[in-house]
Structure formats: structure tokens, C-alpha cells
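A.B. asks: The sequence isn't on hand, but the structure is:
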């Protein structure tokens, strides 16, 4: 009987201590994706990336058109050319195709690099603002409530509005 009392007392103390610890931690949430999409800097960065993408796309499309025109010309002239000349032309077309594919890959890598350069400072600015608002309001934890962020229930304090005010928009 004494052991049962000790176990019950220990269990009550454990539950009380757990409740006390949980009461001490304040948790808030914010949809970081939504915040980033609404930041003026992000909107400007996305516009810059879109412009760069259009430039690369136009260059590659121009190369593709040039390739297709040359391929059509070579096809039409193939019967009047020697076998050796046709083989040279086929190799030339393969080189052009290879160059176009290399240009596509280089453009993709350049776009990813530019995206990283543009988005990193914006993300850092948002994180700093979130940390500042959370500290000012006494939150110990801030959870990202973006889609797929792992947040199941969002009944806590949402910091989106305060962080937007902190960022000045």
C-alpha cells in the first residue's frame, strides 16, 4: 500500500512538473512562405529572375531556330552534296545541338545561383524580424506553419502581422 501511495505521489508530481514546464514555454507560429511571398523585396527579386529567365529563353530559342533552319537547309541540299560533305554537316549539327544543351544547363545553373543570391538576404531579413517579434512577445518557439512544415494544429499566436509590421509593409 505504501508503494502505491509513493507511485501515485510520484505520478502526481511528474504531471504537475510537466504542466509547469509546458506552461513556461510559449509557442507561436508563422507561415514563412506566405511572409516571404508578400515581402516587397521578394516580389522584386522574382521579377528580376523572370526577366533573366526570359533573356536566357530568348537566346536559347534563337539558337534552336538557327539550328532548325540549318538542319532544313542541309537536308534539302543533301542529295547535291558528297557523302563526306553530308557527314561533316551532320557532325556540325550535332555540335550545335550539344552547344544548345550546354547553354540550357549553364542558364539553369546561373538561374539557381542568382536565385540563391537574391533570396538569401531576404530570407535572413525575415528570420531576423521573426526572432525580434518573438523575443519582444516572449515566445520561446516559433513554428513554421507553411504547407508541409509539419504543423498540425495552429491554435497558438500567429506572428505574421507583427512581423510584417516589423519589416515595414
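C.D. replies: Looks like it arrived, so ask away. Because the structure is predicted, anything quoted here is derived from the model rather than measured.
A.B. asks: Going along the chain, name the strands of the chain.
C.D. replies: For the chain, the strands defined by DSSP state E cover 27-30, 141-144, 157-158.
A.B. asks: helices and strands around the shortest one, which ones?
C.D. replies: It refers to strand 157-158. strand 27-30 (3 or more Cβ pairs under 8 Å, 6 or more residues apart in numbering; DSSP states H and E). Just so you know, the C-beta spots here come from the backbone N, C-alpha and C atoms, and that holds for glycine as well.
A.B. asks: which secondary structure elements does the strand it packs on contact?
C.D. replies: Counting contacts by 3+ Cβ pairs under 8 Å, 6+ apart, strand 27-30 is packed against helix 83-137, strand 141-144, strand 157-158.
A.B. asks: again, only this time at 7 Å
C.D. replies: strand 141-144, strand 157-158 (3 or more Cβ pairs under 7 Å, 6 or more residues apart in numbering; DSSP states H and E).
A.B. asks: deepest of the strands of the chain, which one?
C.D. replies: A comparison of the strands of the chain by mean neighbour count, using mean count of other Cβ atoms under 10 Å, puts strand 27-30 on top with a mean of 22.
A.B. asks: List the strands paired with it, with their directions.
C.D. replies: strand 141-144 (parallel), strand 157-158 (parallel) (DSSP bridges).
A.B. asks: Tell me the gap between the shortest one and the middle of its chain.
C.D. replies: Mean C-alpha position of strand 157-158 versus that of the full chain (Cα atoms, centre = their mean, to the nearest Å) differs by 24 Å.
A.B. asks: Run through who's touching that strand.
C.D. replies: Strand 157-158 is contacted by residues 28, 29, 30 when judged by Cβ atoms under 7 Å, 6 or more residues apart in numbering.
A.B. asks: For the last one, give the beta-bridge partners.
C.D. replies: Following DSSP bridges, residue 30 is listed with bridge partners residue 144.
A.B. asks: now the strands of the chain as TSV including distance to residue 103 and mean pLDDT?
C.D. replies: Compiled in TSV, the strands of the chain are given as follows (distance: least, Cβ to Cβ, whole Å; pLDDT from 0 to 100):
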stretch	distance to residue 103	mean pLDDT
strand 27-30	40	88
strand 141-144	37	86
strand 157-158	45	81
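A.B. asks: Indicate which one of those strands is closest to residue 63.
C.D. replies: strand 141-144 (41.6 Å; Cβ to Cβ).
A.B. asks: I'd like to know how far residue 83 sits from residue 89.
C.D. replies: As judged by Cβ to Cβ, to the nearest Å, residue 83 and residue 89 stand 11 Å apart.
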